[in-house]
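> Dropping a prediction and its sequence here:
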Amino acid sequence: MSMIGELNFFLALHIKQNPDGTIILQQKYEKDLIKKFKIDESKEIDTHIATATKLDIDGPRSSIDQKLYRSMISSLLYLTTSRPDIVFSVGLFTHFQANPKESHLIVVKRIQIYLKGSRDLCLWYPKGSNFNVVGYVDADCAGFLVERKSTSGMAHFHCSCLVS
């Protein structure tokens, strides 16, 4: 009988197992993403989206390359597997893929610049923790100013770790 061994990498997820628990991160993927979209020379920032950010579907700024915008969004969507801190803002900017504007691209680049300064963030699953899953949900009826649609959000915790 042969042993496969300990899991280290799986679909760009780096999995580190130690006696205290398991860490899941995507540092190499983040580094490649920053290099691919030429964010490596940018100064690091502490937040991925400014609280005063105003979004508009048909804003006054010019349209941009839809292929580039979609590529950036899809790369960030894949990264949300191990980075629940960017899930909301990345999901928000998926709404603008059909007709992205320069203002949308600026904020998506800001998310990538934020990643540059926060590459050490990861998911931590301590060994011996219970396997309870707890969920919290919040909703805002017609509060999304761009389309006047309702938005909702949820957070799920596995053990004491945020997973979605």
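Perfect, I can see it now.

> max-length helix in the protein?
When secondary structure is assigned using DSSP state H, the longest helix within the chain turns out to be helix 102-117.

> CA-only coordinates of the helix or strand that comes right after that one in PDB, if you can.
Moving toward the C-terminus from helix 102-117, the next helix or strand (DSSP states H and E) is strand 123-126. Taking Å, rounded to 0.1, in the frame of the first residue of the first chain, the C-alpha atoms of strand 123-126 are listed here in PDB:
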ATOM      1  CA  LEU A 123      -7.500  31.000   6.900                       C
ATOM      2  CA  TRP A 124      -6.600  29.300  10.200                       C
ATOM      3  CA  TYR A 125      -8.200  26.200  11.400                       C
ATOM      4  CA  PRO A 126      -7.000  25.300  14.900                       C
END
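
> Could you name the helices and strands sitting against strand 123-126?
Applying 3 or more CB pairs under 8 Å, 6 or more residues apart in numbering; DSSP states H and E, one finds that strand 123-126 makes contact with strand 21-25, strand 161-162. Using the backbone N, CA and C atoms, a C-beta is placed for each residue, glycine as well.

> what's in contact with that strand?
Strand 123-126 has contacts (CB atoms under 8 Å, 6 or more residues apart in numbering) with 20-25, 82, 84, 158-163.

> what ranges do the strands span in this structure?
Remark: strands assigned in the chain by DSSP state E are 9-10, 13-18, 21-25, 123-126, 133-144, 149-158, 161-162.

> Identify whichever of those strands lies nearest to residue 112.
Nearest to residue 112 among these is strand 21-25; the distance by CB to CB comes to 16.7 Å.
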